[in-house]
Structures are given as C-alpha cells and as structure tokens.
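Enquirer: predicted model follows, preceded by the sequence.
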Amino acid sequence: MSKKMNDRIIIDDSKYITEIVNSWFIVYGNSGFVAPHLHGNCSWSCVYYVQLGDSTGIGNGSTYLQKIHLIG
C-alpha cells in the first residue's frame, strides 16, 4: 500500500536524495518509554523494535504519533 501511495506523490524519484542523518538505539527496562518529542526538519522517521519481550500488553512496543500544533 505504501508503494502505491508513494507512486501517486513522487513522480520522478531520481530527483530526490534519501539520506540518513542520524540514528541511535535505546534499551528499555520494565515500563520504559520515551516522552513525546519532535523530529524537526524531517520528512520521514523510523522506529525498529529488535525484541519486545514476553509481555504482549497493549503498551509493549507501541508507537503513538501525535499531531503537532504550531504556534505563531
């Protein structure tokens, strides 16, 4: 589905350069989380879960995207 959507948006992808500017990893303990934050000047962001552990609760391995409200 994402390829189909991107085909509608990107006409000639040879005009665009994809660049990974920064990356990092975080090891969480029980109930670990990252507070809401912004990825400024980014078109794309990515999350990769290496291991979720044995818990299958709703909060384990969840990513929530929030709509930002710009003031100004």
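Expert: Sure thing, it's come through.
Enquirer: what sits up against stretch 31-42?
Expert: With contact meaning C-beta atoms under 8 Å, 6 or more residues apart in numbering, stretch 31-42 is reached by Ile26, Ser45, Gln66, Ile68. Just so you know, the C-beta spots here come from the backbone N, C-alpha and C atoms, and that holds for glycine as well.
Enquirer: ok now that stretch, how far from the chain's centre?
Expert: 9 Å (C-alpha atoms, centre = their mean, to the nearest Å).
Enquirer: then stretch 38-54?
Expert: 4 Å.
Enquirer: average pLDDT for that stretch?
Expert: For stretch 38-54, mean pLDDT is 77.
Enquirer: could you dump the contacts of stretch 31-42 into a markdown table with secondary structure, neighbour count and distance to Ile20 added?
Expert: Output for the contacts of stretch 31-42, formatted as a markdown table (DSSP: H, G, I helix; E, B strand; the rest coil; neighbours: other C-beta atoms under 10 Å; distance: C-beta to C-beta, whole Å):
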| residue | secondary structure | neighbour count | distance to Ile20 |
| --- | --- | --- | --- |
| Ile26 | coil | 7 | 17 |
| Ser45 | coil | 9 | 11 |
| Gln66 | coil | 8 | 23 |
| Ile68 | coil | 7 | 22 |
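Enquirer: make TSV from the residues you listed and add distance to Gln51 to it.
Expert: Listed next are the contacts of stretch 31-42 as TSV, based on distance: C-beta to C-beta, whole Å:
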residue	distance to Gln51
Ile26	13
Ser45	21
Gln66	25
Ile68	30
